[in-house]
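Asks: Return a 3D structure for these sequence lines:
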Amino acid sequence: MKLQCDVDVVNRMLPTLGMKSRGKGARAVLSIGKQLDKTSQRSTVYMMICTAKDRAGSKYKLQDNIEKFFTSFVEKGKATVRLKEPAIDICLSKADANSLKNFLSAARLADRGSVMSSLLLSTLTPVRARDVEQPKKKLTIISKKDYPLTSSFPYSLEQLQVSYCKLSRVDMRMLTLKALRVLDLSNNHIKKLPATIGDLGCLSELILHNNHLEAFSEALCLSTLQRTLQLLDLSQNRLQSLPAQLCQLRELVNLKLDDNRLLCLPFHIGRLTKLRFLSVAHNRLAELPGDFRKLRLENLDLFGNPFIQTNPLNNTMQLTFPVPLQELASRAVADLRIPYGPHLIPAHLCQDLDGAKTCDCGCCCISFYIKTVVSMNLHKVSHTVVLVDDMGGTHAPVTQHFCSLSCYSVFLDNSLQRGIR
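Replies: Next up, the predicted model:
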């Protein structure tokens, strides 16, 4: 029975001598095993602690020698074993929770003197130097010859970069690294992302620059990444569209979409309230969604997109008279923010409501509206703006919807007064 974790052995007699423990754990391997007592010729169960400084290990008797277990934080990989003789507390931390539970159960049985035949006891021998090394937190692989084919990735990794290895898919071994915060798979040949990336509960940065991606799945947008992902780099791929659910990644601060084939941005992109850096240069955007005006950015780059020329008099009339009852009911649900879902109304109505547009008057419209495109100064949404074109422009076309003819008429009157043609 072995356990790898950080260990701090605290002598309870130190305070009576006016001394303090150093209070800092060291990486160690703990073993529970039998050793023959030469005096009594009987086997006794010991706990042995081996560290980098003491690879031979220190042994502590367990039978009838454990005063108390402290296990309030065992789910977080922490516990303390208090021994009677010597008067020490063995403080364990940074352990795998399940392994720690098994180890403490074995220690409890040893203390009671229970039959140990059912337990796999370890040989109490010195450990190798690599067994007591600090867990590796960062790994960078930038050559195919260095890519591990037979060995696993260290379970403790927090940052992993695998670039220039010609990966055509995401290695499933990476998706078992539960402590991973940064995953950089740039400069490979990845075509599709597994939905299980969303199971990486600590992931804050996902870098997929220069791959062959053709889609970013809805499942990823609805996973735990909603609560953790702050940087998403999808630049230099083959994306033509992004799912509307991308706007569910509410923690995003930095979004990079350069050098793709995007024809439009998600309709509700304004819901990314924490977004501060947005780069969508060299795509195929003709216009920006109306929700774009809600963004509050520090840096914005839209260079190299074929934006259309705007004219408020050019419009798409998708309005009938009278307005259908279903449209009026849907507008009421959206305006009053009445909760809805597929358990209450048909799924296709939910999709319509998810795509509700906001008129200048503040009211919503669903399927019946007047649409036009207006020019917006991008400095209204971003402190720093990369020029939109070689002519030095910082304006871009933004769609605008109106719920009625009267709202559209007011808009035209205001536009004419401001001298907009």
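
Asks: okay, CA-based contacts and neighbour counts for the rest of this
Replies: Will do.

Asks: helices or strands up against the lengthiest strand in the chain?
Replies: Counting residues, the longest strand found in the chain (DSSP state E) is strand 26-37. The contact analysis (3 or more Cα pairs under 8 Å, 6 or more residues apart in numbering; DSSP states H and E) places strand 26-37 against strand 2-11, strand 42-51.

Asks: what about these, which gets the closest to residue 269?
Replies: Evaluated with Cα to Cα, those place strand 2-11 nearest to residue 269, the distance being 44.2 Å.

Asks: in that closest one, what's buried?
Replies: 2-10 (16 or more other Cα atoms under 10 Å).

Asks: tell me the angle of it relative to strand 42-51?
Replies: 80 degrees (axes from the mean of the first three to the mean of the last three Cα atoms, to 10 degrees).

Asks: CA atoms only for strand 2-11 - export them in PDB, please.
Replies: In PDB, the C-alpha atoms belonging to strand 2-11 read as follows (Å, rounded to 0.1, in the frame of the first residue of the first chain):
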ATOM      1  CA  LYS A   2       1.700   3.200  -1.200                       C
ATOM      2  CA  LEU A   3       0.700   6.900  -1.500                       C
ATOM      3  CA  GLN A   4       2.400   9.800  -3.100                       C
ATOM      4  CA  CYS A   5       1.600  13.200  -1.600                       C
ATOM      5  CA  ASP A   6       3.100  16.100   0.300                       C
ATOM      6  CA  VAL A   7       4.000  15.300   3.900                       C
ATOM      7  CA  ASP A   8       4.700  17.500   6.900                       C
ATOM      8  CA  VAL A   9       5.700  15.700  10.100                       C
ATOM      9  CA  VAL A  10       4.900  18.000  13.100                       C
ATOM     10  CA  ASN A  11       6.300  17.200  16.500                       C
END
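
Asks: What strands line up against it, and which way round?
Replies: Applying DSSP bridges, strand 2-11 is found paired with strand 26-37 (antiparallel), strand 88-93 (antiparallel).

Asks: Strands along the stretch 151-300 of the chain, start to end?
Replies: For the stretch 151-300 of the chain, the strands defined by DSSP state E, counting those that start in this stretch occupy 159-162, 182-184, 205-207, 231-233, 254-256, 277-279, 297-301.

Asks: just checking, what packs against the fourth one?
Replies: Translated: strand 231-233. Strand 231-233 packs on strand 205-207, strand 254-256, going by 3+ Cα pairs under 8 Å, 6+ apart.

Asks: These into CSV, with extra columns for mean pLDDT and mean neighbour count?
Replies: Listed next are the helices and strands packed on strand 231-233 as CSV, based on pLDDT from 0 to 100; neighbours: other Cα atoms under 10 Å:
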stretch, mean pLDDT, mean neighbour count
strand 205-207, 96, 20
strand 254-256, 97, 19
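
Asks: Could you save those strands as CSV and add columns showing distance to residue 352?
Replies: Below are those laid out as CSV (distance: least, Cα to Cα, whole Å):
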stretch, distance to residue 352
strand 205-207, 31
strand 254-256, 26
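
Asks: can you tell me which of the ones you listed comes nearest to residue 349?
Replies: strand 254-256 (30.2 Å).

Asks: Give the pairing partners of the closest one; include direction for each.
Replies: By DSSP bridges, strand 254-256 pairs with strand 231-233 (parallel), strand 277-279 (parallel).

Asks: can you list the residues that contact the first one?
Replies: Here strand 231-233 makes contact (Cα atoms under 8 Å, 6 or more residues apart in numbering) with 204-209, 252-257.

Asks: List the buried residues in that strand.
Replies: Residues of strand 231-233 classed as buried under the neighbour-count rule (16+ other Cα under 10 Å) are 231-233.

Asks: ditto for stretch 96-107
Replies: Buried-residue list, stretch 96-107, by 16+ other Cα under 10 Å: 96-97, 99-101, 103-104, 106-107.

Asks: Where does pLDDT dip in the stretch 101-250 of the chain?
Replies: 115-120, 122, 129-134 (pLDDT under 70).

Asks: If you average pLDDT over each of the helices and strands packed on strand 26-37, which is lowest?
Replies: If you rank the helices and strands packed on strand 26-37 by mean pLDDT, strand 42-51 sits at the bottom with a mean of 83.

Asks: Give the next helix or strand downstream of that one.
Replies: The first helix or strand that comes after strand 42-51 along the chain, using DSSP states H and E, is strand 58-61.

Asks: Tell me which other helices or strands that next one touches.
Replies: Under the contact rule (3+ Cα pairs under 8 Å, 6+ apart), strand 58-61 is packed against strand 42-51.

Asks: Within the sheet, what are the partner strands of the strand it packs on, with directions?
Replies: Note on strand 42-51: by DSSP bridges, its sheet partners are strand 26-37 (antiparallel), strand 58-61 (antiparallel).

Asks: Mean pLDDT, mean neighbour count and distance to residue 362 for these - can I get that in TSV?
Replies: TSV is the format used below for these (pLDDT from 0 to 100; neighbours: other Cα atoms under 10 Å; distance: least, Cα to Cα, whole Å):
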stretch	mean pLDDT	mean neighbour count	distance to residue 362
strand 26-37	81	21	60
strand 58-61	88	18	73
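
Asks: In JSON lines: those strands, plus distance to residue 213.
Replies: Formatted as JSON lines, these follow (distance: least, Cα to Cα, whole Å):
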{"stretch": "strand 26-37", "distance to residue 213": "41"}
{"stretch": "strand 58-61", "distance to residue 213": "54"}
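
Asks: who wins for proximity to residue 308 among the ones you listed?
Replies: strand 26-37 (61.7 Å).

Asks: Can you show me the helices along this structure?
Replies: For the chain, helices defined by DSSP state H occupy the ranges 97-112, 218-221, 225-228, 325-335, 347-354, 405-417.

Asks: any idea how this protein splits into domains?
Replies: Each domain of the chain is listed here as a residue range: 2-132, 138-284, 315-379+394-417, per automatic domain parsing.

Asks: Highest mean neighbour count out of those domains?
Replies: Mean neighbour counts were taken over the domains of the chain using mean count of other Cα atoms under 10 Å, and the top value, a mean of 18, falls to domain 138-284.

Asks: Between the strands paired with strand 2-11, which one is closest to residue 341.
Replies: The nearest among the strands paired with strand 2-11, by Cα to Cα, is strand 88-93 at 44.4 Å.

Asks: how many degrees apart are that closest one and helix 97-112 in direction?
Replies: Using the same axes, to 10 degrees: strand 88-93 against helix 97-112 is 160 degrees.

Asks: Would you pull up how far strand 88-93 lies from the middle of the chain?
Replies: Its chain's average C-alpha position is 33 Å from that of strand 88-93, according to Cα atoms, centre = their mean, to the nearest Å.
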